[in-house]
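Participant: The following block contains a protein sequence and its predicted model.
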Amino acid sequence: MTETTIWNWDRAWEVLPDLLAGLRITVLATVVGMVIAAVLGLFIALALRASTRWGTAPLRLVVDFIRMTPLLVQLVFVYLLSPPQIPALAIGCVVLGIHYATYMSEVYRAGIEAVPQGQWEAAVALNLPRARTWGAVILPQAVRNTLPGLGNYAISMFKETPFLFAISVVEMYQAAQSFGANTFSYIEPLTMVGLLFLIVSYPTSLLVRRMETRLA
């Protein structure tokens, strides 16, 4: 009678190189997506604040549409409409960035509104140009206030990169699934994926929590 075990260490070590390669893709997608989201989210927040109510209506409609539709659907939709010459990873990074930019714009908005009114009045009293008021007075304080929120969204984006499997990007989850399909062993690769996500996410969450405490 052959003894069977749920966990096989040989399988775990065998899949590890593939998962680490997938982790590099996961981190790359997160970093690029985060840069896009941070920059675009700031522009959205400024555009919504600077324009009139009627002028911002189309932008608000687009932002709400992106927020209210699933990220997975957005990835597949954009992937199917994109020319085949565009790499799937590039499409995934852009879609991730645009999706999270709509949420980060609210974080920026809250950060801007948290700047004390006295700072605005001081800029007016000094007769500072509008561009200098925003660039030298308001935005540095607003961005500082938003760092913990942006960090939380970065963690969320990192944990949602497995959705990239839907457009054939071989990140960690897809690497684990491929290994499981070839070996008929899914416990080890998927468990290792969870552990790698935990190893990266948990220290980052501690850093964000510390940042929140220092900025409180």
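Facilitator: All right, it came through fine.

Participant: Show me the longest helix that occurs in this structure.
Facilitator: Counting residues, the longest helix in the chain under DSSP state H turns out to be helix 9-50.

Participant: can you list the weak-confidence ranges in this protein?
Facilitator: 1-4, 51, 216 (pLDDT under 70).

Participant: can you do 90?
Facilitator: 1-9, 46-58, 110-148, 183-185, 208-216 (pLDDT under 90).

Participant: which stretches of it form helices?
Facilitator: 9-50, 53-68, 71-81, 88-113, 117-125, 130-132, 139-160, 172-183, 187-215.

Participant: Mind putting those into a markdown table with mean neighbour count?
Facilitator: All C-beta atoms are positioned from the backbone trio N, CA, C, and that covers glycine. As requested, those are exported to a markdown table (neighbours: other C-beta atoms under 10 Å):
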| stretch | mean neighbour count |
| --- | --- |
| helix 9-50 | 18 |
| helix 53-68 | 12 |
| helix 71-81 | 15 |
| helix 88-113 | 21 |
| helix 117-125 | 11 |
| helix 130-132 | 10 |
| helix 139-160 | 18 |
| helix 172-183 | 19 |
| helix 187-215 | 15 |
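
Participant: Please identify which of those helices is closest to residue 166.
Facilitator: helix 71-81 (5.3 Å; C-beta to C-beta).

Participant: re the thing from before, any chance of the helices of the chain in a markdown table, with distance to residue 166 too?
Facilitator: Listed next are these as a markdown table, based on distance: least, C-beta to C-beta, whole Å:
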| stretch | distance to residue 166 |
| --- | --- |
| helix 9-50 | 13 |
| helix 53-68 | 17 |
| helix 71-81 | 5 |
| helix 88-113 | 9 |
| helix 117-125 | 45 |
| helix 130-132 | 42 |
| helix 139-160 | 11 |
| helix 172-183 | 9 |
| helix 187-215 | 16 |
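
Participant: Quick one: residues contacting residue 120.
Facilitator: Listed by C-beta atoms under 8 Å, 6 or more residues apart in numbering, the contact set of residue 120 reads 133, 137-138.
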